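1. Sequence and computational prediction follow.
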Amino acid sequence: MTAHLVLVGMMGVGKTTVGRIVAARLGQQLVDSDAVIQAATGRTVREIFEHDGEAAFRALERDALREALERKEPSVIVAAGGVVLDPDNRAALRESNARVVWLVGNVPTLVDRVGRADHRPLLDGDPAATLTRMADEREALYREVADAIVSVEHRSAAEVAVAVLR
């Protein structure tokens, strides 16, 4: 099986931005699961959540991850923030030949980056409280799948990309 690089972490941690830099440096294609889902459905994440619910989005997320991991060419895969919630996804990440890097940032950093982003339905209401709860719920799950952990704190995207490539 091909060795992919998979970036996991909370929304707002910079997975897509860092993934673009890493993919360019490696000469590999970037596969962003949210973008794959939007292209396949013709709808935004928010629209899927509002019309079909979170469970439907999570099923699409699972399919996007599986398809990305099955690609023959090595790729940089940006996994949706909630991908680790599904035990089958965690198993797929562990069983693949992929290198999984967990990008981690403090909640205040994430809040500064995402604020009240319209395209992030899970952050409606109180983004800081929601991100705190989500980070607490997901920490052990990210740790379970991670081969490496890279902090984004006080680093530019380029600096994080260098750390990921190490």
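-> Perfect, thanks for sending it.
2. Going by C-alpha atoms from here, please, whenever you check contacts or count neighbours.
-> OK.
3. Which strands or helices does the strand ranked longest in the chain pack on?
-> Longest strand in the chain by number of residues (criterion: DSSP state E): strand 99-104. In terms of contacts (3 or more CA pairs under 8 Å, 6 or more residues apart in numbering; DSSP states H and E), strand 99-104 is packed against strand 5-8, helix 127-145, strand 148-151.
4. rank these by pLDDT, which is bottom?
-> Per-segment mean pLDDT for the helices and strands packed on strand 99-104 reaches its minimum on helix 127-145, at a mean of 91.
5. Can I get that one in PDB? Just the C-alpha atoms.
-> This file holds the C-alpha atoms of helix 127-145, laid out as PDB (Å, rounded to 0.1, in the frame of the first residue of the first chain):
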ATOM      1  CA  PRO A 127     -17.200  28.900  19.400                       C
ATOM      2  CA  ALA A 128     -14.900  28.900  22.400                       C
ATOM      3  CA  ALA A 129     -17.000  26.600  24.600                       C
ATOM      4  CA  THR A 130     -17.700  24.300  21.600                       C
ATOM      5  CA  LEU A 131     -14.000  24.100  20.600                       C
ATOM      6  CA  THR A 132     -13.000  23.400  24.200                       C
ATOM      7  CA  ARG A 133     -15.500  20.600  24.500                       C
ATOM      8  CA  MET A 134     -14.500  19.100  21.200                       C
ATOM      9  CA  ALA A 135     -10.800  19.300  22.000                       C
ATOM     10  CA  ASP A 136     -11.400  17.500  25.300                       C
ATOM     11  CA  GLU A 137     -13.500  14.800  23.600                       C
ATOM     12  CA  ARG A 138     -11.000  14.300  20.700                       C
ATOM     13  CA  GLU A 139      -7.600  14.500  22.300                       C
ATOM     14  CA  ALA A 140      -7.200  10.800  23.100                       C
ATOM     15  CA  LEU A 141      -8.600   9.900  19.700                       C
ATOM     16  CA  TYR A 142      -6.100  12.100  17.800                       C
ATOM     17  CA  ARG A 143      -3.300  10.700  20.000                       C
ATOM     18  CA  GLU A 144      -4.500   7.200  19.200                       C
ATOM     19  CA  VAL A 145      -3.900   7.600  15.400                       C
END
